[in-house]
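Colleague: Make a model of this:
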Amino acid sequence: MSKVILDCSDLDNYMGKPIAPARMKEALHNNDFRRWVQAMHYPNLMHYDHDFAKEGRYGRLVAPQSFAVSCDDGHGAGPACVGRIPESHLLFGGDEWWFYGPKIFGGDMITNEKIPYDYVVKETGFAGPTCFQRGDNNYYNQDGDFIAKQRSTAIRYSAEAALEMGGAPKESDMADPEWTDEDLKKLEDQKYEYIKMMHDLGHGKRYWDDCNVGDELPVRVIGPHSIASLTTEWRAYLFTIWGGTHRPGIDMEALGFTKEMAGHENDPVMERDNPEWTDGAYFGPSRGHLFPRYARMIGMPRAYGYGASMGAWVLDYLGGWAGEWGMVVHCNTSYRAPALTGDATFMTSSIVDKMTDEQGRNLVQVDVKLKTQLGVTIATAKAEIELPTK
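Modeller: The predicted structure is shown next:
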C-alpha cells in the first residue's frame, strides 16, 4: 500500500469560529413531533396522542428530548465537518448531549448555533490516518432559553486508503439476513414489552429512591431495519423537506468529498432550480444510506442507518423509562458500527451508579449497549438521568 497522507491543515482555519446557524423557516408543529416519534419507532403517548398528553405534566404534546437534532440542518454534523480534507469520506462517530431543562413545544422556533470544537488524527486499522473531528451544536428557542448542547464527532478518512486496506465489503455480507415469521413474531412481542412498560408508568413518577445499582432497564428492540424504515427516518428530519430551512450553502466538493458523494445537499441556489439534486436521499453524501451501490463505495455492505438516529434511539430509550417527570441530563454515545438493513437492534441498559450532584439533582447513571441479533455491538453509551424523589 502506498503511504497515505491525510491533509487536515485546512481545519485549523475553522476551529472555535461560529459557522452559519441552523434556522427553520416556520414554527414547529405538533405533527413534526408525531412524524419524528413514528420514524424513530418510539410510541410514547406524550409525543403524539393529544388526549393523553392533555392529562399529563405539560397539558399538551411535548417533543421528546431526541427531537432537538431534527431542528438542525444536517444531523448535527455541520460543525464537525468543516475544512477541506481532499478525497475523503465521512462517517458519524458519536454524539454527546447535555440537556438544560427547557422543553420543545408546538409553536417554538429553534435556532442551532454551531461552533467547530477540535480534531485529532489517529492511525486506524480501516483507513490508516483518520481524522476524528468534533463540533458543538447549541439549541435555543425563540426566548433565548438554552435547551441542549450536542457535541458531535465526525470520522473523516481517505477513500483510497480505506479501499486499499480492505474497506471493500464482502459479497457474503451484501444480502439482508432473512427472518422467519416466527422470528418476526418474537421480535414484535419483545418490542411490546417496552411499550407496555411506558403504558404501565403512564403519568406516574419513576422515583430515584426505588432505583438501585444493578437494576436493569427493559430491553428495547428496533427493526429489522429496511430501506423503507431508513427512508422514513430521513424524512422525519425537518431539513430534508424542500424549503424547510435556511440553507447554509455548504460546498461538498470544497470539503474534499469524492465526486460520487459530494452533490448539492443544502445548496440554496440549487434548491430553487432543481430541488431533487439537493435531496440527500438521492444525491450527495447521504445517498449511501439508502442506495447499496453507494454504501459499498464507503465500505458498507448494504444500506445503513443514520448515526444521529442511533443517538435518538438511545435518548428515547432512556426517556421512555424515566417517564415525563424524569429527564436525561447527559448522554455520551459512541457509534461503533452502523445499523444495516436486515438487522435488528437490541438495546439493554443497567444502573451503574446513584448520586446527588452539586446542583442537588438526584441522578442515576446507566450504561447502554446496542447490539444486533448476532451479538455485534454497534453502539455504547453512558448517561445520567434525573429522577424525582418521594
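Colleague: count of residues packed around Tyr117?
Modeller: 16 (other C-beta atoms under 10 Å). In short, each C-beta sits where N, CA and C put it, glycine included.
Colleague: From what I see, it and Asp136 are in contact.
Modeller: Yes - counting by C-beta atoms under 8 Å, Tyr117 does reach Asp136; the two are 5.3 Å apart.
Colleague: so what sits against both of the two?
Modeller: By C-beta atoms under 8 Å, 6 or more residues apart in numbering, Tyr117 and Asp136 have these common neighbours: 79, 151.
Colleague: okay, how far is it across stretch 99-118, tip to tip?
Modeller: Stretch 99-118 has an end-to-end distance of 21 Å (criterion: C-alpha to C-alpha, to the nearest Å).
Colleague: tell me which residues in that stretch are buried?
Modeller: For stretch 99-118, a neighbour-count test (16 or more other C-beta atoms under 10 Å) marks 99, 102-105, 108, 110-117 as buried.
Colleague: Likewise for stretch 230-249?
Modeller: 230-231, 233-234, 236-240, 244-248.
Colleague: What of stretch 149-158?
Modeller: 149-158.
Colleague: Among the residues you listed, which one lies nearest to Glu188?
Modeller: Gln150 (32.0 Å; C-beta to C-beta).
Colleague: what about that closest one, which SS state?
Modeller: strand (DSSP: H, G, I helix; E, B strand; the rest coil).
Colleague: With the one 4 residues further on instead?
Modeller: For Ala154, the assignment made with three-state DSSP gives strand.
Colleague: residues in contact with it?
Modeller: 77, 80-81, 90-93, 131-135.
Colleague: export these to TSV and tack on neighbour count?
Modeller: Formatted as TSV, the contacts of Ala154 follow (neighbours: other C-beta atoms under 10 Å):
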residue	neighbour count
Ala77	28
Ala80	31
Cys81	24
Leu90	22
Leu91	23
Phe92	23
Gly93	21
Cys131	22
Phe132	18
Gln133	28
Arg134	19
Gly135	25
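Colleague: Please name the two of these that end up farthest apart in the structure.
Modeller: Longest span within the contacts of Ala154, C-beta to C-beta: Leu91 and Gly135, 14.7 Å.
Colleague: any chance of the contacts of Ala154 in TSV, plus pLDDT and secondary structure?
Modeller: Output for these, formatted as TSV (pLDDT from 0 to 100; DSSP: H, G, I helix; E, B strand; the rest coil):
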residue	pLDDT	secondary structure
Ala77	88	coil
Ala80	92	helix
Cys81	89	coil
Leu90	81	strand
Leu91	83	strand
Phe92	86	strand
Gly93	88	strand
Cys131	92	strand
Phe132	95	strand
Gln133	95	strand
Arg134	96	strand
Gly135	96	strand
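Colleague: could you dump those residues to TSV with distance to Trp325?
Modeller: What follows is these, written out as TSV (distance: C-beta to C-beta, whole Å):
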residue	distance to Trp325
Ala77	32
Ala80	33
Cys81	37
Leu90	39
Leu91	37
Phe92	31
Gly93	33
Cys131	42
Phe132	37
Gln133	37
Arg134	32
Gly135	32
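Colleague: which of those lies closest to Glu384?
Modeller: Distances from Glu384 to the contacts of Ala154, taken by C-beta to C-beta, are shortest for Arg134, at 20.2 Å.
Colleague: thinking the closest one is in contact with Ser152, fair?
Modeller: Yes - at 6.7 Å, Arg134 and Ser152 qualify as touching, with contact defined as C-beta under 8 Å.
Colleague: which residues touch Gly214?
Modeller: Contacts of Gly214 by C-beta under 8 Å, 6+ apart are 350-351.
Colleague: A helix includes it, no?
Modeller: No - under three-state DSSP, Gly214 sits outside any helix and is assigned coil.
Colleague: Give me the phi and psi for it.
Modeller: phi 100, psi -20 (degrees, to the nearest 10).
Colleague: The stretch 151-300 of the chain: strands as residue ranges?
Modeller: 220-222 (DSSP state E, counting those that start in this stretch).
Colleague: Nothing else from me, thank you.
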